[in-house]
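Peer 1: only geometry, no sequence info:
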């Protein structure tokens, strides 16, 4: 009976909270399954100086604070900007308002974004230089660095989507930067880049769904409990056979 009780306790724990897996990288926005977003247009019109510290609110009313490590940035409008403009390309469409880590004298990255606690977040990022670049994001849970991911652009330096996803809503901040840039532009600055709309996967829309590995463990635990019970019954009913899933 002890073995059944212990196994049932483990199963209850798994069902109640699930196992916490480390955040995973997301380089395809459809895999983030975002249900909220932060549009940088709320920070002002084309050419607005932003930061170094700033506040924003998501479409669902979630607060996001940000900081540019090297100074103020610029609110740029893709293609149509007059005072501060960015070229259209992958993830950057004409008319979009993007946050550019540049104060007119040079790059002002890295960019840190802070949340109350989300399942995931990501955005399109592009270096302000020609040629391939490597985007990087550091993911924090509380004050602990949970993981660091990199996503490489194509040879032309097109924008890339970079973010992270967890199975619990405990990601509290992300720092976006470049680890290398401008293979075709020796004057590139790894602190000089732009980001488009921040996409979020938040907890106040749908409940967390356990990852496949977590679900499998729950099934195995329940299966183990069933097997223990079946074995005990088999001593009195020898003809019964176990059922395999």
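Peer 2: Thanks, I have the structure now. Since we're looking at a predicted model, the values are computed, not measured. Numbers count the residues shown, from 1 in each chain.
Peer 1: Now do the same contact list for residue 156.
Peer 2: Counting by C-beta atoms under 8 Å, 6 or more residues apart in numbering, residue 156 makes contact with 130-132. All C-beta spots, glycine's among them, are computed from the backbone N, C-alpha and C.
Peer 1: Do you know the pLDDT at it?
Peer 2: On the pLDDT scale, residue 156 is placed at 91.
Peer 1: For the chain, which residues score under the pLDDT cut-off?
Peer 2: 1-20, 80-83, 204-245 (pLDDT under 70).
Peer 1: Now with 80, please.
Peer 2: 1-21, 80-84, 183-184, 204-245 (pLDDT under 80).
Peer 1: all helices for it, in order.
Peer 2: Taking DSSP state H as the criterion, the chain contains helices spanning 2-17, 29-32, 212-234.
Peer 1: In this structure residue 169 contacts residue 202, no?
Peer 2: Yes. Using C-beta atoms under 8 Å, residue 169 is in contact with residue 202, at 7.0 Å.
Peer 1: overlap in contacts of these two?
Peer 2: Shared contacts of residue 169 and residue 202, counting by C-beta under 8 Å, 6+ apart, come down to 118-119.
Peer 1: ok, those two, which is more surrounded?
Peer 2: residue 202 (21 against 18; other C-beta atoms under 10 Å).
Peer 1: ok, now which ones touch the more buried one?
Peer 2: Contacts of residue 202 (C-beta under 8 Å, 6+ apart): 35-36, 58, 60, 62, 118-119, 169.
Peer 1: With adjacent residues omitted, what lies nearest to it?
Peer 2: With C-beta to C-beta, 6 or more residues apart in numbering as the criterion, residue 202 has its nearest non-adjacent residue at 4.7 Å, and that residue is residue 36.
Peer 1: likewise residue 180?
Peer 2: residue 134 (4.5 Å).
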